[in-house]
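turn this into a model:
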Amino acid sequence: LDAFAGSKEEDSILVALWTFADSTRVVHAYVPVADATRLDKKNYRGQGSTVLYDVWCDALASNVAYAEQLRSGGTPVRSVVVVVTDGEDCGSRRTAHECARISRDLLASEQFILALVGVGSEPDFVQVGTAMGIPAGCIAVQRDATPHALREVFQMVSRSAIRASRGQVRPGVHAGFFGP
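Modelled structure (predicted):
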């Protein structure tokens, strides 16, 4: 969030935050960067299952609805949806196939950039992401879950989102969100 806060694009970026241990939980809907919650030891503890497929489908549906609301009011919208996970799905009602179908539809519209960051050494996050319909160039893996490595991950996501807001990342299936 700090990288967003220091960018020229700060006023045009909205952030939503969801967690997905045993169930999906919206921490906050779309708010300006300055109002976004920063996760820390006091307000977040990663534990329980990982309902990755459920949160992906729910977050995409929410994003589509909000983007349509903005577009109908005359505001141009490009959506970037990034999920950061430390594991594969355990316990979702939805499947990877459902995620992939929704992802393909959104990517075909060329209004969306979809990305996944896997943290840790297991599972094969590229396989998890591609099964969910996320383009390979939009999947990053950080094997170390140290505080320093996690800061690097979030800085990389922020830099990529800023590049996307400047039109330097193509939306759709050929996106290279984590490219140079």
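
from here on, just use CA atoms for contacts and neighbour counts.
Will do.

chain neighbours aside, what residue packs nearest to Leu106?
Phe112 (6.1 Å; Cα to Cα, 6 or more residues apart in numbering).

isn't that neighbour right up against Val82?
No - assessed by Cα atoms under 8 Å, Phe112 is found out of contact with Val82, at 10.7 Å.

on that earlier part again, who's in contact with the residue nearest to Leu106?
Phe112 makes contacts with Arg78, Ser79, Val80, Val81, Leu106, Pro171, Gly172, as judged by Cα atoms under 8 Å, 6 or more residues apart in numbering.

again with Phe125
Counting by Cα under 8 Å, 6+ apart, Phe125 makes contact with Glu88, Val117, Gly118, Ile139, Ala140, Val141.

hmm, who's touching stretch 69-79?
Under Cα under 8 Å, 6+ apart, the answer for stretch 69-79 is Asn63, Ala67, Gln111, Phe112, Ile113, Ser165.

let me know the average pLDDT across that stretch.
For stretch 69-79, mean pLDDT is 90.

where does His174 fall, phi/psi-wise?
Phi and psi for His174, reported as degrees, to the nearest 10, are phi -100, psi 10.

list the buried residues in the longest helix along the chain.
Identified as the longest helix of the chain according to DSSP state H is helix 52-72. Across helix 52-72, burial judged by 16 or more other Cα atoms under 10 Å covers 52-60, 63-64, 66-67.

strand partners (parallel or antiparallel) of the helix or strand following it?
Later in the chain than helix 52-72, the nearest helix or strand by DSSP states H and E is strand 79-85. Sheet pairing of strand 79-85 (DSSP bridges) gives strand 112-119 (parallel).
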